[in-house]
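Asker: mind looking at a prediction? Sequence and model below.
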There are 2 protein chains.
Amino acid sequence: MTGTDIQHLSARDISRLTNSGDLTAEAVVRACLERIAAREDAVGAWAFLDPEKAIAQAKQVDRRPEGGALRGVPVGIKDIIATVDMPTCYGSPIYKNHRPAWDAACVASIRQSGGIIMGKTVTTEFASSYPGKTANPKDTERTPGGSSSGSAAAVADFMVPLAVGTQTGGSVIRPASFCGIVGYKPSFGLINRHGVKPLSESFDTVGVMARSVDDAALLAMTLMGRTNAANTAMIEPPSFAVWRNAALDKADGSTLAAFEEFINRAAEAGAIIEDVAEPAEIADLDHAHHQIEYFEMGQALLFEYQTHRDHLSTALRGRLEAGRAISIEQYDAMREAAKRARAQMNRIFQRCDAILYPSTLGEAPRGLEATGNALFNRFWTALYGPVITLPIGIGPSGMPLGVQLVGRRDNDARLLTMARWFEKPGQK
Amino acid sequence: MTGTDIQHLSARDISRLTNSGDLTAEAVVRACLERIAAREDAVGAWAFLDPEKAIAQAKQVDRRPEGGALRGVPVGIKDIIATVDMPTCYGSPIYKNHRPAWDAACVASIRQSGGIIMGKTVTTEFASSYPGKTANPKDTERTPGGSSSGSAAAVADFMVPLAVGTQTGGSVIRPASFCGIVGYKPSFGLINRHGVKPLSESFDTVGVMARSVDDAALLAMTLMGRTNAANTAMIEPPSFAVWRNAALDKADGSTLAAFEEFINRAAEAGAIIEDVAEPAEIADLDHAHHQIEYFEMGQALLFEYQTHRDHLSTALRGRLEAGRAISIEQYDAMREAAKRARAQMNRIFQRCDAILYPSTLGEAPRGLEATGNALFNRFWTALYGPVITLPIGIGPSGMPLGVQLVGRRDNDARLLTMARWFEKPGQK
């Protein structure tokens, strides 16, 4: 196989070939490093990458007698996540060259499964909004989205087959969609967060980036300790609810058109499609999400605010101050509102297998000074169910568009089965 | 005031006197250091204590023009919690001399409020069961309980008026009760956990130790950003439910007798007391707690297990292996069971203001090689409501006994009001 062949392998295939002895982890890592060497100047996906360190890990995996679900699979780790052998800087100059004393739980789990920690991918500042250096590999004058910017760009650009990200608002789904790949934010609480620097405890969720649903499932289920649990039987025909709410009006016309076309294709392929009106309890959830997130950021980043204020971006400083100004009564009211909103969802999932909603308002915006709008993601994050974004086509500027499939909380396997349905030939 | 006078001041009084200029933070810290110097050899409450560092902080606070809810109040910090200027070793030789890059959110909040980070208090290994060096100040041949061993001992022994602990099973309530002080575990999720090394994300809760309900409320509400929210109007007569379950049979006879006597005194003082039978959904919650905790420990401490296995206690290594052996189906079933158990509680709180239950099975056991049984605490932790332990008397060996008051989730202010009722003269 050529380097290009290897770069285009799925993680599942890499695992199969390395476990059977038909491919070495070292060959995989070298192929990925080749791609990175060719493209990193343009894309800027990596906050830290040491080829020698990656090759050394690969050699070690090649010597391991036992198999592993991720054997020889290079994985990019968002730089908000602790690694004991690589700097972890959280996208902030405050932690330049910071080296944690441990691996995050998800990193330890990848190593245990034979995966290669390829390097650290660029995050926005503390996984909030201030962007890093990463460009969108589909058009380097456009943002890749954030906060998991480097993870999305690295996977989309074939530098690695898999990457780990985190989502508090729309930080997995938006960049994955902007870069034209699959992004998966599991149900809240299913992937252990130890070693992920917290932003908002109520919402922070570890998620994954891949180029197929199957690969996303492979990584996420490994991180959950849920290997082999990802497959539930497909019930034909699948039944989807199209979520209709006021926010949809904010989408670009061409994005809405692509979304409706996607729905039509699904119906033609046999899916049952039904519109569902957003329950009143959920209409203000974006606001509740904002208030809860800001309040909790104000607490989680209090040390940095007190001690390193001059090294915070103006944007983040403003958010932390906004968070500290939210009253406890307001915070409590918003938590209650979010709880009421979540209680609405069981009813909706009695009538459908998954909900469909556009992944973003439009194509990735021009410029690297902002990472786009998470309006279409935040309320789903606050509802705690699993969300996966699938690429569904190309917008008027030639940039990817995506659809979110939203599942019932803690029914992730079912959502992944539904998402796989769209990958079958002729149904996408 | 003499050193002894200052050592016996409440945190509320220290705050009042330092804010009014009638007492300096430095005098408070020096008085506490005096007590520590006299007693630390016998008690062993501190994992790290540097008198110079504490005095320097006090001088800095004395120079601050602005007031603060904890101005001049020395606080002990359990050594499972990150401090940027003091080692943080998690009760494990793996992290000997480890120095985090930040303060935990709760530590930053104490500093912001003018509190003094007095030092790090002894924790069991990773806040699990393997004990540290701390002895019970009421009888140094007995355990102080754990995992927040040093925090309880330091407060009970008048070394500091306040300390921070954490509870995953019974790690705040049990040591507080064994040492004869007030321990308060707030509702799950109300105190930010950033910087607390996770054991079990589903249960880890930051809590506080104090010598009065009012002081416990002062610290906890400050940590929550909830200052002034701790007072709700007392409705006379208060109504309490006595929780009756099978586990009660495991209690020592003298503990049960003291508990019944406490209930009788409350009734005589005017409280309405009603027995409540444990709902069937809650009867197995201790088992569910165990399974969930072990599964999550297996993930959270995977790095330590992989990399530093020889430096883990045999007990912890066994727990981590037990956790890794729990199937995902079992974990999911236990999470569902815990959710169903929680759903029972609203009904019960329609009929009472708080639930009463013994804090421990008996007095603090002899010996320092184990920290006692958390059977009476784990299921309350799993129910997510606020729990406070109050000292109610002395057992046959002269050691303290306590009662737990359990409140409705997120109704912490109400529980604290109920707890204060017991501190009124003639009602305790």
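Answerer: Good, I have the coordinates.
Asker: and A:Lys120, what helix or strand is that in?
Answerer: Per DSSP states H and E, A:Lys120 falls inside strand A:116-121.
Asker: buried residues in the following helix or strand past that strand?
Answerer: Sequence-wise, the next helix or strand downstream of strand A:116-121 (DSSP H and E) is helix A:149-156. Using 16 or more other C-beta atoms under 10 Å in any protein chain shown as the burial criterion, the residues of helix A:149-156 that qualify are A:Ser149, A:Gly150, A:Ser151, A:Ala152, A:Ala153, A:Ala154, A:Val155, A:Ala156. Every residue, glycine included, has its C-beta placed from N, CA and C.
Asker: what distance separates the strand holding A:Lys120 from the centre of its chain?
Answerer: A distance of 16 Å separates the C-alpha centroid of strand A:116-121 from that of its chain, computed with C-alpha atoms, centre = their mean, to the nearest Å.
Asker: need the residues of the stretch 301-428 of chain A near chain B, please.
Answerer: In this structure, the stretch 301-428 of chain A approaches chain B at residues A:Leu302, A:Phe303, A:Glu304, A:Gln306, A:Thr307, A:Ile328, A:Tyr331, A:Asp332, A:Arg335, A:Asp410, judged by C-beta under 8 Å from any C-beta of the partner chain.
Asker: biggest separation within those residues, which pair?
Answerer: Maximum pairwise distance among these (C-beta to C-beta): 38.6 Å, between A:Thr307 and A:Asp410.
Asker: measure the residue positioned nearest the centre of chain A to B:Arg99 for me?
Answerer: A centroid search over chain A (C-alpha atoms, centre = their mean) returns A:Val172, at 2.4 Å, as the residue closest to the centre. According to C-beta to C-beta, to the nearest Å, A:Val172 and B:Arg99 sit 32 Å apart.
Asker: could you list the residues of the stretch 1-150 of chain A in contact with chain B?
Answerer: Going by C-beta under 8 Å from any C-beta, the residues of the stretch 1-150 of chain A near chain B are A:84, A:95, A:98, A:100-105, A:107-109, A:111-112.
Asker: now do whatever helix or strand A:Val107 lives in: distance to the chain's middle.
Answerer: Per DSSP H and E: A:Val107 is located in helix A:105-112. Centre-to-centre, helix A:105-112 and its host chain are 17 Å apart (C-alpha atoms, centre = their mean).
Asker: isn't A:Asp275 up against A:Leu248?
Answerer: No. Counting by C-beta atoms under 8 Å, A:Leu248 is not a contact partner of A:Asp275; they are 11.3 Å apart.
Asker: report pLDDT for A:Gln427.
Answerer: Looking at A:Gln427, its pLDDT stands at 47.
Asker: and which of the buried residues of helix A:149-156 is nearest to A:Tyr294?
Answerer: The closest of these, once distances to A:Tyr294 are taken by C-beta to C-beta, is A:Ser149, at 21.3 Å.
Asker: thought the closest one was touching A:Thr371?
Answerer: Yes. Counting by C-beta under 8 Å, A:Ser149 touches A:Thr371, with 6.6 Å between them.
Asker: which neighbours do those two share?
Answerer: A:Thr124, A:Pro131, A:Thr143, A:Pro175 (C-beta atoms under 8 Å, 6 or more residues apart in numbering or on different chains).
Asker: contact partners for the last one?
Answerer: Spelled out, it's A:Pro175. The contact partners of A:Pro175, taken as C-beta under 8 Å, 6+ apart, are A:144-149, A:151-153, A:165, A:183, A:209, A:371.
Asker: now do the second one
Answerer: The contact partners of A:Pro131, by C-beta under 8 Å, 6+ apart, come to A:Thr124, A:Thr143, A:Gly146, A:Ser149, A:Leu368, A:Glu369, A:Ala370, A:Thr371.
Asker: rewinding a little: buried ones in the helix holding A:Val107, by neighbour count?
Answerer: A:Ala105, A:Cys106, A:Val107, A:Ala108, A:Ser109, A:Ile110, A:Arg111, A:Gln112.
Asker: of these, which is the nearest to chain B?
Answerer: Among the buried residues of helix A:105-112, A:Ala108 lies closest to chain B (C-beta to the nearest C-beta), at 4.0 Å.
Asker: distance of A:Ala127 relative to B:Ala233?
Answerer: According to C-beta to C-beta, A:Ala127 and B:Ala233 sit 42 Å apart.
Asker: hmm, I typed the wrong one, I wanted A:Ala176.
Answerer: Per C-beta to C-beta, A:Ala176 is found 51 Å from B:Ala233.
Asker: more crowded one of the two?
Answerer: More crowded of A:Ala176 and B:Ala233, by other C-beta atoms under 10 Å in any protein chain shown: A:Ala176, with 39 against 7.
Asker: and that one, what element?
Answerer: helix A:173-179.
Asker: these two touch, right, A:Leu302 and B:Val107?
Answerer: No. Using C-beta under 8 Å, A:Leu302 makes no contact with B:Val107, being 9.1 Å away.
Asker: spell out which parts of the stretch 151-300 of chain A neighbour chain B.
Answerer: With C-beta under 8 Å from any C-beta as the criterion, the stretch 151-300 of chain A meets chain B at residues A:189, A:192-195, A:197-198, A:201-202, A:224-226, A:229, A:295-296, A:298-300.
Asker: whichever of the residues you listed end up buried, select them in PyMOL.
Answerer: Applying 16+ other C-beta under 10 Å to these, the buried members can be selected in PyMOL as follows:
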select buried, chain A and resi 192+193+194+195+197+198+201+202+224+225+226+229+295+296+298+299+300
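Asker: in helices only, show me the residues of the stretch 151-300 of chain A next to chain B.
Answerer: Residues of those located in helices (DSSP state H): A:Met224, A:Phe295, A:Glu296, A:Gly298, A:Gln299, A:Ala300.
Asker: identify the farthest-apart pair in those residues.
Answerer: Comparing all pairs in those by C-beta to C-beta, the longest separation belongs to A:Met224 and A:Gly298, at 30.2 Å.
Asker: which stretches of chain A form strands?
Answerer: Listed in chain order, the strands of chain A (DSSP state E) span A:46-48, A:74-78, A:116-121, A:162-167, A:182-185, A:205-210, A:239-244, A:272-277, A:354-358, A:387-394, A:400-406.
Asker: let me have those strands in a markdown table, extended by mean neighbour count and mean pLDDT.
Answerer: Output for the strands of chain A, formatted as a markdown table (neighbours: other C-beta atoms under 10 Å in any protein chain shown; pLDDT from 0 to 100):
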| stretch | mean neighbour count | mean pLDDT |
| --- | --- | --- |
| strand A:46-48 | 23 | 98 |
| strand A:74-78 | 31 | 99 |
| strand A:116-121 | 28 | 98 |
| strand A:162-167 | 30 | 98 |
| strand A:182-185 | 30 | 98 |
| strand A:205-210 | 28 | 98 |
| strand A:239-244 | 19 | 97 |
| strand A:272-277 | 13 | 96 |
| strand A:354-358 | 25 | 98 |
| strand A:387-394 | 25 | 97 |
| strand A:400-406 | 25 | 98 |
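Asker: out of the ones you listed, nearest to A:His290?
Answerer: strand A:162-167 (15.0 Å).
Asker: so that closest one versus strand A:205-210, what angle?
Answerer: Between strand A:162-167 and strand A:205-210, the angle comes out at 150 degrees (axes from the mean of the first three to the mean of the last three C-alpha atoms, to 10 degrees).
Asker: elements contacting strand A:162-167?
Answerer: The contact analysis (3 or more C-beta pairs under 8 Å, 6 or more residues apart in numbering or on different chains; DSSP states H and E) places strand A:162-167 against strand A:74-78, helix A:105-112, helix A:149-156, helix A:173-179, strand A:205-210, helix A:213-224.
Asker: parallel or antiparallel, list what pairs with that strand.
Answerer: Strand A:162-167 pairs in its sheet with strand A:74-78 (parallel), strand A:205-210 (antiparallel), by DSSP bridges.
Asker: how much distance is there from it to the middle of the chain?
Answerer: Offset of strand A:162-167 from its chain centre (C-alpha atoms, centre = their mean): 5 Å.
Asker: how about low-confidence regions in the stretch 151-300 of chain A?
Answerer: Residues of the stretch 151-300 of chain A that meet the criterion pLDDT under 70 lie in A:228-231.
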